[in-house]
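Undergrad: Pasting the sequence and the predicted model now:
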Amino acid sequence: MELKTVDLTKRYGSKTAVSHLQMALTNGVYGLLGENGAGKTTLMRLICGIQTPTSGKITLNGKRIDRLGERYRDLLGYLPQHFGYYPDFTARDFLLYVAALKGLDGREAKRKADELLAEVGLKKECRQKIRTFSGGMKQRLGIAQAMLNDPRILILDEPTTGLDPKERIRFRNLISAFSKDRIVILSTHIVSDVEWIAGEIIMMRSGKILHFGKTQEITAEIDGCVWECMVPAESAEEYGKRFRVSNLRNAEDGSVVLRVISRECPGLDAVGVLPNLEDLYLFYFGEEGKR
């Protein structure tokens, strides 16, 4: 299966949200990264057919998705950043309602709803009303509804928002197991989530693709720009003003170890280290004006 964008562009008046995007996706998990306003949500809504492009096209196995119509929508699962639900529905009734909208027959809908409620850790709460749920529980229910129709293309916009570390691990394992023979696009600001499960990373800025590739390939761009150095505790704030600091930890002797993103060596005792995806993200989207 190949999902492809061809010169894909979406404008809102004078603002271009997605600009002449060219990419081809095959089975696997893709992490979509970028700061707010980069065009990530617009791209996902275009892929889901919720919005229409200003120009260009999206194809599935060479056929335009707008011409495939219902056949394409049957293959989709989508979790928007803020998904709608009925607060007085129980979790199970809500999934059965969504299943009916997606055209699942009654027996299959019940089987799939119960299976997914167990997988997202809501089996015991399945008969509770959604209005009693915490934010993390609602998010887990949203993930379940996106997977109800066993989609071949799964689009998840900020799916780990509100999840605690244990829930995020459960989610990552679920998506990893689910992604075989499917296309999964996962957008998040929690870089570690996509670093763990995404086979390839799509990094966007200003509606364009900045990087597309495996983590080790794209982080190679900032080889020589990531350093660790030990500084006195009273100097840490000054370093934070001058450089992009991705991590800080206290040493046993009272000094502070900084992980610094900089094209220049931040000090005589600084040691170069291998970059990771979080370093790359900070390199592009950290505070302007720092070295």
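TA: Yes, it's here.

Undergrad: Just grab the bridge partners of the residue nearest in space to the middle of the chain for me.
TA: Taking Cα atoms, centre = their mean, the centroid of the chain lies closest to residue 187, which sits 1.9 Å from it. Counting by DSSP bridges, residue 187 forms beta bridges with residue 32, residue 157.

Undergrad: pretty sure it contacts residue 158?
TA: Yes - counting by Cβ atoms under 8 Å, residue 187 does reach residue 158; the two are 6.2 Å apart. For glycine as for every other residue, the C-beta is placed from the backbone atoms N, C-alpha and C.

Undergrad: Let's see the pLDDT reported for the residue nearest to the centre of the chain.
TA: Predicted confidence (pLDDT) for residue 187: 92.

Undergrad: who's in contact with it?
TA: Contact analysis of residue 187 by Cβ atoms under 8 Å, 6 or more residues apart in numbering lists 31, 32, 33, 40, 41, 44, 156, 157, 158.

Undergrad: ok, the fifth one touching residue 82?
TA: Read it as residue 41. No - judged on Cβ under 8 Å, residue 41 makes no contact with residue 82 at a distance of 10.4 Å.

Undergrad: got a list of what the nearest residue to residue 64 once chain neighbours are set aside touches?
TA: Distances taken as Cβ to Cβ, 6 or more residues apart in numbering put residue 57 closest to residue 64, at 5.4 Å, once the chain neighbours are dropped. With contact taken as Cβ under 8 Å, 6+ apart, residue 57 is in contact with 5, 6, 7, 8, 64, 66.

Undergrad: what about the third one, distance to residue 53?
TA: What that stands for is residue 7. Counting by Cβ to Cβ, to the nearest Å, the separation of residue 7 from residue 53 is 9 Å.

Undergrad: Of these two, which one has the most company?
TA: The neighbour comparison of residue 7 against residue 53 (other Cβ atoms under 10 Å) goes to residue 53, with 19 against 12.

Undergrad: Quick check: pLDDT value at that one.
TA: So, for residue 53, pLDDT stands at 97.

Undergrad: My read is that it contacts residue 8, right?
TA: Yes - Residue 53 is within contact range of residue 8, at 5.5 Å (criterion: Cβ under 8 Å).

Undergrad: can you list residues touching both of the two?
TA: Residues touching both residue 53 and residue 8 (Cβ under 8 Å, 6+ apart): 18, 46.

Undergrad: the helices in this structure, which residues?
TA: With DSSP state H as the criterion, the chain has helices at 40-47, 65-68, 70-73, 91-101, 106-119, 135-146, 165-178, 191-197, 215-218, 236-242, 277-285.

Undergrad: Nearest to residue 209, out of those?
TA: Distance to residue 209, taken as Cβ to Cβ, is lowest for helix 40-47 among these, at 9.7 Å.

Undergrad: Show me what that closest one is packed against.
TA: strand 3-12, strand 15-25, strand 28-33, strand 153-157, strand 183-187 (3 or more Cβ pairs under 8 Å, 6 or more residues apart in numbering; DSSP states H and E).

Undergrad: again, only this time at 6 Å
TA: Here helix 40-47 touches strand 15-25, strand 153-157, going by 3 or more Cβ pairs under 6 Å, 6 or more residues apart in numbering; DSSP states H and E.

Undergrad: Could you export the first one as CSV, keeping only the C-alpha atoms?
TA: So that's strand 15-25. Output of strand 15-25 as CSV, limited to C-alpha atoms (Å, rounded to 0.1, in the frame of the first residue of the first chain):
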residue,chain,number,x,y,z
LYS,A,15,-1.7,32.0,4.6
THR,A,16,-0.2,28.8,3.2
ALA,A,17,-0.6,26.0,5.7
VAL,A,18,0.8,23.2,3.5
SER,A,19,3.1,24.1,0.6
HIS,A,20,3.8,21.8,-2.4
LEU,A,21,4.3,18.7,-0.3
GLN,A,22,5.8,15.6,-1.9
MET,A,23,6.0,12.4,0.0
ALA,A,24,5.3,8.7,-0.3
LEU,A,25,4.3,6.5,2.7
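
Undergrad: Give the buried residues for it.
TA: Buried residues in strand 15-25, counted by 16 or more other Cβ atoms under 10 Å: 16, 17, 18, 19, 21, 25.
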